[in-house]
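A.B. asks: Dropping a prediction and its sequence here:
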Amino acid sequence: MADAGLQLAIILAYLLVALAIGLVAYRVTERTAEDYFLASRTFGTVVLLFTTFATLLSAFTFFGGPSLSYSAGPEWILVMGTMDGVLFGVLWYVIGYKQWLAGRVHGYVTLGEMLGDRFGSRTLRMAVAGVSLFWLIPYVMLQQQGAGTALEALTDGAVPYWVGAGGITLFMIVYVTVSGMRGVAWTDTLQGIFMLGMVWIAVGWVLHSVGGASAATAALADAEPGHLTLGGGIYTPAYMVSTAVSIAFGVTMFPQVNQRFFVARSEAVLKRTFTLWPVLVVLLFVPAFMLGAWAAGLGVSPNANGRILPPLLNAHTPAWFGALVVAGAMAAMMSSSDSMLLSGSSYLTRDVYRQVAETVTDRREALVGQGAVVAIAVVAFVASLFRPGTLVQIGDTAFGGFAQLALPVLVALYWRGTTRDGMLAGVLGSQAFYLASVFLPMVRDGYVLPGLGGLGAWSSSVVGMALGLVLTVGVSAVTTPSAAENPDRYEELSAE
C-alpha cells in the first residue's frame, strides 16, 4: 500500500500542476474559437513536437507495447518505432504541410471545414465530423475506463471504479474548458519530456541490475530464442505492414493529431517538427518495447492484468521509481484524453453547430465549444459505467476506422479533378466496408492475395483504404463537379 500511496500522490501532484498550467493558459487565452481550439496558430517547434508526441502517448505505450514484445518478440519496434515513426513523419509532410498552408490562408479549424469548403458540401463536412466522432468518443471512454480500473486496483477497491473514472472525467472537463489548446499543449510538453526521461532511466536501472544489455540479451536468447529472429508467430510481412500502415494513416486522421497540423507558427516550425518526429518516436518506443522483450528472459511474469512493465520495474528498480513510472503512464493516458475532448468539441462546434445556428459569434462559438467538451466527456463517462463490449470493440479498431479517411483526403489535397461525389463515395464506402468487417461475421477480416500467401493475411483496414482510394478516384473521374465546388481552393497556397 505504500507504493499505492506514492502513486496516488504522484497522480495528484500531476493534476495540480496541470491545473496550475491551465489557469495560466486561461489568463492569456483570447475568448475566440480560433484561440480556444488552435491557440491562434502560434506554436513553436518544441511545443508542437511534444504536444503531438504526448497526445499519442497512452497506456498502450507503457503497458500494451512492452507486453506484446514480451509475448511475441521485439519486432513490434519495427511496426511502431521505425516503420510507423517514419511513415507518420512522411504523412505529416505530405498531408500536414498542405493542410497547414490551407488553414493559414483560409482560416480552417477542422478537417471537415477544410473539405466542406473545397467541395461546397455541408453533407461532406458533417459526414467527416460524424465519422470522426463515431471513432473518437469510444476512445475517450476507454481512457476513462482505464483510469477507473487502475485507481480501483491501485487502492484495493478503496476508490471504486465509478469514483475513479468520474473524478478523472471531472478534472478533464474543468481543465479543458478552462485552458483550451494552449494549456493542453503546455501540459503535453512537460508530460512528453517527463515520460521520455523516465523510460531511459528505467532502461538504465534494469540493465544495471542484470549486468548490462549483453547479459539481458543472452538471457532472452536462452529463454525465448525465437525472439531474436526476425519474423515468425504473428509477425508475418502482411501483418507488420498492415498494422504500420493502419496506425500511421489512422494517426494522421485522429482529430486530436490532425488539428495539430494547423497550429504551427511558421513553415520552418512545421518542417523542423516533422523532421524530428521519427527520432523522438524511436527514442521512446525502442527502450520501452525492449524492456518488455528482455523481461521474457529475466524470469518476470506479467501481473493479473497481463502487463509486464510494472512487475519488471518492481523486480529491478526501487519501489518509488516503479510507482513513478506507473503514475506517469496514467498521466500520459489523461494527456491523450484532454486532447481528444478538445478536438471532439471543435468538430461538434465548427462542423455541426455552425451548420444549424442562425447567428454565430466568436464568443458564442467558444462557449458552445466548452459546452461540447462537457457533453462528450459526460456521454463517454456514462458509457464507461456499463463497460459495453461494442464500444470497446470500436475503440480497439479506431485506428483502422480513422485510416479510411486518409487516402480520400490525400487525393482531394493534390488532385483538382476530385469531385464531391467522389469524396462521399470514398469516405462512406470505405467506412461501410470496414465497419462490416469489424461487426459482421460473414465479412472477412483478413485477406490473402493470390500467389502471395506466404506473406500472410492483409488486414481489412488496408483493404478498405484501397477501396476508398478506388472509389474516390473512380467516381470523381465519371462525375461532373457541382457549381458550388472550388477546385482552385488548394492551389497556389503559400506560407507567406
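C.D. replies: Okay, I see it. Residues are numbered from 1 along each chain as shown.
A.B. asks: how about the host helix or strand of residue 85: buried residues?
C.D. replies: Assigned by DSSP states H and E, residue 85 belongs to helix 84-91. For helix 84-91, the neighbour count (16 or more other Cβ atoms under 10 Å) marks 84-89, 91 as buried. All C-beta spots, glycine's among them, are computed from the backbone N, C-alpha and C.
A.B. asks: Tell me the one among those nearest to residue 261.
C.D. replies: Lowest distance from residue 261 to these (Cβ to Cβ) belongs to residue 91, with 10.0 Å.
A.B. asks: What sits closest to that closest one if chain neighbours are left out?
C.D. replies: With Cβ to Cβ, 6 or more residues apart in numbering as the criterion, residue 91 has its nearest non-adjacent residue at 4.6 Å, and that residue is residue 252.
A.B. asks: what about residue 78, is that helix, strand or coil?
C.D. replies: Following DSSP: H, G, I helix; E, B strand; the rest coil, residue 78 is assigned to helix.
A.B. asks: quick one, what contacts it?
C.D. replies: When contacts are counted by Cβ atoms under 8 Å, 6 or more residues apart in numbering, residue 78 is found next to 240, 244.
A.B. asks: what's the spacing between it and residue 241?
C.D. replies: For residue 78, the distance to residue 241 equals 10 Å [Cβ to Cβ, to the nearest Å].
A.B. asks: ok, back up a step: what comes into contact with the next helix or strand after the helix holding residue 85?
C.D. replies: Where DSSP H and E defines the elements, the next helix or strand beyond helix 84-91 is helix 97-106. Applying Cβ under 8 Å, 6+ apart, the contact partners of helix 97-106 are 41, 108-109, 111, 114, 117, 258, 261-262, 264, 267, 270-271, 274, 413-414, 489-490, 493-495.
A.B. asks: Can you pick out the ones from those residues that are in strands?
C.D. replies: Among these, no member is found in strands (DSSP state E).
A.B. asks: Show me how far stretch 483-495 is from its chain's centre.
C.D. replies: Centroid displacement of stretch 483-495 relative to its chain, using Cα atoms, centre = their mean, to the nearest Å, is 29 Å.
A.B. asks: same check, this time on stretch 183-194
C.D. replies: The answer for stretch 183-194 is 15 Å, by Cα atoms, centre = their mean.
A.B. asks: Kindly export that stretch (C-alpha atoms) in PDB.
C.D. replies: C-alpha atoms of stretch 183-194 as PDB (Å, rounded to 0.1, in the frame of the first residue of the first chain):
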ATOM      1  CA  GLY A 183      -3.000  24.800 -21.800                       C
ATOM      2  CA  VAL A 184      -3.300  21.300 -23.200                       C
ATOM      3  CA  ALA A 185      -0.200  21.700 -25.300                       C
ATOM      4  CA  TRP A 186       1.900  23.200 -22.500                       C
ATOM      5  CA  THR A 187       0.900  20.300 -20.200                       C
ATOM      6  CA  ASP A 188       1.600  17.800 -23.000                       C
ATOM      7  CA  THR A 189       5.100  19.200 -23.500                       C
ATOM      8  CA  LEU A 190       6.000  18.700 -19.800                       C
ATOM      9  CA  GLN A 191       4.400  15.200 -19.900                       C
ATOM     10  CA  GLY A 192       6.200  14.100 -23.000                       C
ATOM     11  CA  ILE A 193       9.600  15.200 -21.700                       C
ATOM     12  CA  PHE A 194       9.000  13.600 -18.400                       C
END
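A.B. asks: Helices of the stretch 151-300 of the chain, start to end?
C.D. replies: Under the criterion DSSP state H, counting those that start in this stretch, the stretch 151-300 of the chain contains helices at 161-210, 213-223, 237-253, 255-258, 267-295.
A.B. asks: For those helices, give me a markdown table that also has mean pLDDT.
C.D. replies: Below are the helices of the stretch 151-300 of the chain laid out as a markdown table (pLDDT from 0 to 100):
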| stretch | mean pLDDT |
| --- | --- |
| helix 161-210 | 88 |
| helix 213-223 | 92 |
| helix 237-253 | 90 |
| helix 255-258 | 92 |
| helix 267-295 | 91 |
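A.B. asks: give the contact list for the nearest residue to residue 113 once chain neighbours are set aside.
C.D. replies: The shortest distance from residue 113 to any non-neighbouring residue, by Cβ to Cβ, 6+ apart, is to residue 350 (5.3 Å). Listed by Cβ under 8 Å, 6+ apart, the contact partners of residue 350 are 33, 37, 109-110, 112-113, 365.
A.B. asks: Tell me the spacing between residue 350 and residue 207.
C.D. replies: Counting by Cβ to Cβ, the gap from residue 350 to residue 207 is 49 Å.
A.B. asks: wait, what's in contact with the residue nearest the centre of the chain?
C.D. replies: Centroid-nearest residue in the chain: residue 56, 4.2 Å away (criterion: Cα atoms, centre = their mean). The contact partners of residue 56, by Cβ under 8 Å, 6+ apart, come to 251, 257, 336.
A.B. asks: what's the burial count for residue 412?
C.D. replies: As a burial measure, residue 412 scores 26 neighbours (other Cβ atoms under 10 Å).
A.B. asks: Quick check: closest non-adjacent residue to it.
C.D. replies: Nearest non-adjacent residue to residue 412, counting by Cβ to Cβ, 6+ apart: residue 418, 4.8 Å away.
A.B. asks: got a list of what the one you found touches?
C.D. replies: Contacts of residue 418 by Cβ under 8 Å, 6+ apart are 119, 411-412, 472, 476, 487.
A.B. asks: By neighbour count, which of those residues wins?
C.D. replies: residue 472 (28 neighbours).
A.B. asks: part of a strand, is the residue nearest to residue 412?
C.D. replies: No: using three-state DSSP, the secondary structure at residue 418 is coil, not a strand.
A.B. asks: Against residue 91, how distant is residue 298?
C.D. replies: 37 Å.
A.B. asks: For residue 416, the count of nearby residues, please.
C.D. replies: Per other Cβ under 10 Å, the neighbour tally for residue 416 reads 14.
A.B. asks: Kindly report the same for residue 425.
C.D. replies: 22.
A.B. asks: What is the subsequent helix or strand relative to the lowest-mean-pLDDT helix or strand in the chain?
C.D. replies: Using mean pLDDT, DSSP states H and E, the weakest-scoring helix or strand in the chain turns out to be helix 59, at a mean of 60. Proceeding N to C from helix 59, the next assigned helix or strand is helix 65-72, under DSSP H and E.
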